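Engineer: below are the sequence and a predicted model; questions follow.
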Amino acid sequence: MLEIRDLHKSYDGRPVLQGVHLTVERGEIVAIMGPSGCGKSTLIRCINRLVEPDAGEILFEGRSVIQASAEELLAMRRRIGFVFQHFNLIRRLTVWENVAFAAIMQGVPENVARQRALDLLERVGLADVVEHRPDELSGGQQQRVGIARALMNEPDLLLWDEPTASLDPIRTQEVLEVMERLALETSAAMIIVTHEIPFALRVADRLLLMDGGRIVEAGDPAAVMASPRSEVGRAYAKLLSQRMEPSRRRKRNMAVFAEQQQESQRHSNAGEEGACPWPANSSEPSLLRSPFAVPASTAASR
Amino acid sequence: MTVLLRDGFWRDVVVLLVATVLLGSAVAWSVGWGVDAFFGDAIQNLVGEAGEYDALIQIRDNHDEAPLEALQHRVAESLPGAQLQKAVSFAGQSHVLLRLPRELRDAETFTALRDMFQDIPGYIGLTYMVEPSISVTVAHSAVARELAAEMAKHPDVDFVFHKGDGLQIVLHHADAMQRVTQQVEAFLAEREILEVRMPLGVTLPHPEATAAELKAALEEAWGPNFVLATGADDSDDDVDAFVATLREMRSFLLSYATRVEVSGAAGRVGSEVVVMPAAPVGHEAGDVLTVRLEGVSDDGTSAWGYIVSGTYMPDTAGAWTAFERLPDGSAGAPIGTAVFTNEQGELEATLAESVQLLNELAQFADEAREGVSQAQALLDSFEAALQRLAGLSEQVNALERAIAGAGGDGPVNATEILLPLLLSHWLERNHAEASAASPLEQAEQQLGGLDVSSIYRTLQLLAGRFDELANLDVSAVVRQIEQVQRALPHLNDGDIARSIDLIDRNLDGSTIAGDRISLVTVPGPSREEAEAVVRTVMESDGVRVYQTSAGVVTPNARAALTQILGQMRQVVAALVAIGVVLLTLLLDHSALLSVLQTPRAGRREAIRRQRTARWLGAGTGALLLTVIGLLSGARLPYVGLWGLTLVGAVMGLVVALVARRINPVNWDEVVAGEALGLHYAQVMREIVIPAARPGLLVWLNRRRQRFA
């Protein structure tokens, strides 16, 4: 559904993208990783022309994004959801207005748009803050509003520009959970720019590694991490292996933590509302899962 | 344009521009109109309605009704039916409005008004206010006469009268004002005044003949009928007085300069000689003086002058010699001797001596009075002695008689006989030696011949004079003389020479013109061309030629006030318009300019956007202010409508420069809107403008805003 050919972009003569080629199939989840400044964000912003590329071609559903007229571009953008690193919510609007904003502006009746926005907000766990302003929400909540907003038009393609980069670990986890569930529930293709290696390994169908404005490695995430060919790949693989081999202290901490979790779970089952920060259907913190352990449900859906 | 109007937001921007123009024009016009109305009323109170009064008379306001009463009396006497109305008083002047009855509104009456009130005490002047009329200042009497004759025949003109410096053309109707004014201006434009000024001191013996000569020469150069009229004028009284004062000043300065008498053939008046000590011994090198000759004797053997450089020291010893002055300023061949007289120094010395003398005079008076007193005492003693001498003389006579009669009538002792004998013998011997009269009698006769009482009276008179002298306020006289001493100009010879040079330059005609000839000509040749012809005719390079317009239509008092009022209205309207435009630029357009400049990526792109925003800001400001100026009549003094355009452009540029600080745009929100597939107009309407400062655009936008 998306094809990028020989894409180039430079700022003031400094090349940021140098001949990027990429194809994304319908429903495919592609994670892009790479060091800062390698062109990841520029690449996905070029896809809906938030950044104008200098050269190359981008085909969305077989039609050129670059050659598209203003109206065609707007139509394409409505089919491409975008989740920003800094949420980019409109501060003067409430949570539900932020989500329903684009649909209402495009002519969807307000009651219809509002109902759909409320549904989406419920899906991302924000049903109780729909009338709040963005400033009244935590970072994680704001990002979940951003995700709901991106989903409002039922896009064919979702672009994620480092959605957890501005969040603390707890809020990151909130967002990653939502993203994982979304990956299971939606048929939209996704291009996710992220630094979350475990997340990418769990969720992505394909992993692209970028460096110096080029895609230096691409393939099955596990395979790429298992036998990296590029320097960036090797760096990520080393980082991953360090996380995979916990120290004795970490093991002990994890055992204590697991015990406490089981205790808490028992209380929870006994009818007490615990303070677990994760959704009820999350049986354990994803940080404890193996990065290679793709959830059964995810595996089944693919 | 159609695209702009089709799109809601841009239609709002167009509406904003139009609304700003209309609002600004309306506010500017209204405020200007208010000013006009307010001050118009003030003027009406000051000088009445147009045409209500014919003249404004100014008299001194001394809190005294006498001038006004005299004025009323004169008006009742000379202008029956005329009305006086006292207007405002300020700055020590009262203004009285004069209204003439219809039958007196003619050229004769208005001409006579100028001199009618001259003898009224406190009268200052008169300003014509007759309306509708055109006031023309004319530079030449021939032009004034011709214009008056021309206008008198004009169907729109009621009458014409001469005033001080031109004509007042009174019309039948105000409607004809513009038409007649144009005709007068056309008449004046067809004429030009060529004024030929002689150097000062040059007197034209036959000015009419010279004028005719000039006319012929000029017409030879530029064709017949080039000179329409000629006239010769003496220099005016003011210039004469000024020149006389300068001459007196020159004479005064010269009298204080050190006068140098040079013997020998020194040269002509105005030439310079070098004077230096004959014997250089004892003199400094700086003793060399340059003397300009001011006068030469008839036979040319002596001259006198004043020092133009160098300093003469009065106490310099020895004689001085005069030499010819060579072009390089050095001394040439000797001419003769030089003698210095410093009137200023002598006067100072005389005054100093006078002061000293006066100070001694008081002491002298005291001493003289004492001398008179002593003389009076001596005279008193002398008189007593004289009386005793008379008594002694009596006794001697009695003794003589006694001696002559001794031995006759009675016994006498030896002493009585001896003493008279001795005395008789002494008297006889003296008598034989001197005269027949006895010595005592002779002494008595001699002393008694003195007129003691006369001497006494003389002494008393003298004493009275000395008393009067002593009573004189000598110290006051001394103070006055010292005052004169101080008042003496403390000028050295160099200062005096420079001042005389300055006066000479003026008197030579560099700045003061002498006689002049005025010619009315057809416009055409330049001043330089005309001057060349005139100088050829006059055979003098000192002649100067000036070209002036033949006259000018000047606004009358009311028209001048109305003109000032109109300008004030325009300026006030312009200030209001500037305020409105600045406000809308700051509140409304700054948001648009801000979003235009918000950087996306890349420095070049940012610079390009900033430039675009600045041009747009300048253009918007210029457009708004120009259109408002056109609609409201707002104008800035001296620069007019284009000045407003420039001010608008500058304001727009400045607002563009500070737009991002005035109306910062949250770029994340804008990008989110774009990513959501919103039109640019929707982004502006729903994201940018609602977050902007409240203004007309925000208000207009709110009506169409979906999420208000």
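Structural biologist: Everything's here; your move.
Engineer: from chain B, how far out is the nearest residue to A:A127 once chain neighbours are set aside?
Structural biologist: Once flanking residues are discounted, A:A127 sits nearest to A:L121: 5.7 Å by CB to CB, 6 or more residues apart in numbering or on different chains. (Each C-beta comes from the backbone N, C-alpha and C, glycine too.) Counting by CB to the nearest CB, to the nearest Å, the gap from A:L121 to chain B is 16 Å.
Engineer: so A:L121 sits right up against A:G146, yeah?
Structural biologist: No. At 11.5 Å, A:L121 does not count as touching A:G146 under the criterion of CB atoms under 8 Å.
Engineer: so, low pLDDT: which residues of the stretch 351-500 of chain B?
Structural biologist: The stretch 351-500 of chain B contains residues with pLDDT under 70 at B:403-452.
Engineer: nearest to chain A within it, name that residue for me.
Structural biologist: Nearest residue of the stretch 351-500 of chain B to chain A, counting by CB to the nearest CB: B:R498, 70.4 Å away.
Engineer: contact residues of the stretch 1-150 of chain A facing chain B?
Structural biologist: Applying CB under 8 Å from any CB of the partner chain, we find that the stretch 1-150 of chain A lies next to chain B at A:11-12, A:48, A:50-51, A:74-78, A:80, A:82, A:84, A:86-93, A:97, A:101-102, A:104-106, A:149.
Engineer: in helices only, show me those residues.
Structural biologist: Counting by DSSP state H, the members of those that fall within helices are A:L74, A:A75, A:M76, A:R77, A:R78, A:E97, A:F101, A:A102, A:I104, A:M105, A:R149.
Engineer: filter the residues you listed down to the buried ones.
Structural biologist: Those of these that meet the buried threshold are A:L74, A:M76, A:R77, A:R78, A:E97, A:F101, A:A102, A:I104, A:M105, A:R149, by 16 or more other CB atoms under 10 Å in any protein chain shown.
Engineer: ok, the second one - contacts?
Structural biologist: When the contact criterion is CB atoms under 8 Å, 6 or more residues apart in numbering or on different chains, the partners of A:M76 are A:N48, A:F60, A:R63, A:V65, A:A68, B:G677.
Engineer: that one and B:L676: what is the separation?
Structural biologist: Noted for A:M76: a distance of 12 Å to B:L676, by CB to CB, to the nearest Å.
Engineer: ok, how many other residues are close to the residue nearest to A:A127?
Structural biologist: Neighbourhood size, A:L121 [other CB atoms under 10 Å in any protein chain shown]: 25.
Engineer: can I take it that it is in a helix?
Structural biologist: Yes. A:L121: assigned to a helix according to DSSP: H, G, I helix; E, B strand; the rest coil.
Engineer: residue contacts, it?
Structural biologist: Residues in contact with A:L121 (CB under 8 Å, 6+ apart) are A:V95, A:W96, A:V99, A:A127, A:V129, A:V130, A:V145, A:A148.
Engineer: can you pick the most crowded of those?
Structural biologist: Of all the contacts of A:L121, the highest neighbour tally under other CB under 10 Å goes to A:V99, namely 31 neighbours.
Engineer: give me the helices and strands touching the longest strand anywhere in chain B, please.
Structural biologist: If you go by DSSP state E, chain B has its longest strand at strand B:331-342. With contacts taken as 3 or more CB pairs under 8 Å, 6 or more residues apart in numbering or on different chains; DSSP states H and E, strand B:331-342 sits against strand B:258-263, strand B:272-277, strand B:320-325.
Engineer: now do stretch B:248-263: distance from first to last residue.
Structural biologist: For stretch B:248-263, the first-to-last residue distance is 28 Å (CA to CA, to the nearest Å).
Engineer: which parts of that stretch are buried?
Structural biologist: For stretch B:248-263, a neighbour-count test (16+ other CB under 10 Å) marks B:R250, B:L253, B:L254, B:Y256, B:A257, B:T258, B:R259, B:V260, B:E261, B:V262 as buried.
Engineer: which residues touch that stretch?
Structural biologist: For stretch B:248-263, contacts defined as CB under 8 Å, 6+ apart pick out B:273, B:275, B:289, B:291, B:293-294, B:301-307, B:312, B:322, B:335-345, B:488-489, B:491, B:493, B:496-497, B:499-500, B:503-504, B:507.
Engineer: now a PyMOL select for only the buried ones of those residues.
Structural biologist: To isolate the buried members of the contacts of stretch B:248-263 in PyMOL, using 16+ other CB under 10 Å:
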select buried, chain B and resi 273+275+289+291+293+294+302+303+304+305+306+307+312+322+335+336+337+338+340+342+344+493+496+497+499+500+503+507
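Engineer: residue boundaries of the helices in the stretch 151-300 of chain B?
Structural biologist: B:177-189, B:207-222, B:237-256 (DSSP state H, counting those that start in this stretch).
Engineer: between those, which one is closest to B:D328.
Structural biologist: Proximity to B:D328 (CB to CB) singles out helix B:237-256 among the helices of the stretch 151-300 of chain B, at 27.3 Å.
Engineer: phi and psi next, for B:L678.
Structural biologist: Backbone torsions of B:L678, given as degrees, to the nearest 10, read phi -80, psi 150.
Engineer: I figured B:A19 hits B:W699, correct?
Structural biologist: No. With contacts counted by CB under 8 Å, B:A19 stays clear of B:W699, the gap being 9.5 Å.
Engineer: the more surrounded of these two?
Structural biologist: Taking neighbours as other CB under 10 Å, B:A19 and B:W699 compare with B:A19 leading, 17 against 14.
Engineer: can you confirm that one is in a helix?
Structural biologist: Yes. Counting by three-state DSSP, B:A19 falls inside a helix.
Engineer: and the closest residue to it other than its chain neighbours, what does it touch?
Structural biologist: Using CB to CB, 6+ apart and skipping residues adjacent in sequence, the residue nearest B:A19 is B:L696, 6.1 Å away. Neighbouring residues of B:L696 by CB under 8 Å, 6+ apart: B:L16, B:A19, B:T20, B:L23, B:T584, B:L587, B:D588.
Engineer: domain ranges for chain B?
Structural biologist: Chain B is divided into the following domains under automatic domain parsing: B:2-38+B:565-704, B:245-347.
Engineer: whichever of the contacts of B:L696 end up buried, select them in ChimeraX.
Structural biologist: To isolate the buried subset of the contacts of B:L696 in ChimeraX, counting by 16+ other CB under 10 Å, use the following:
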select /B:16,19,20,584,587,588
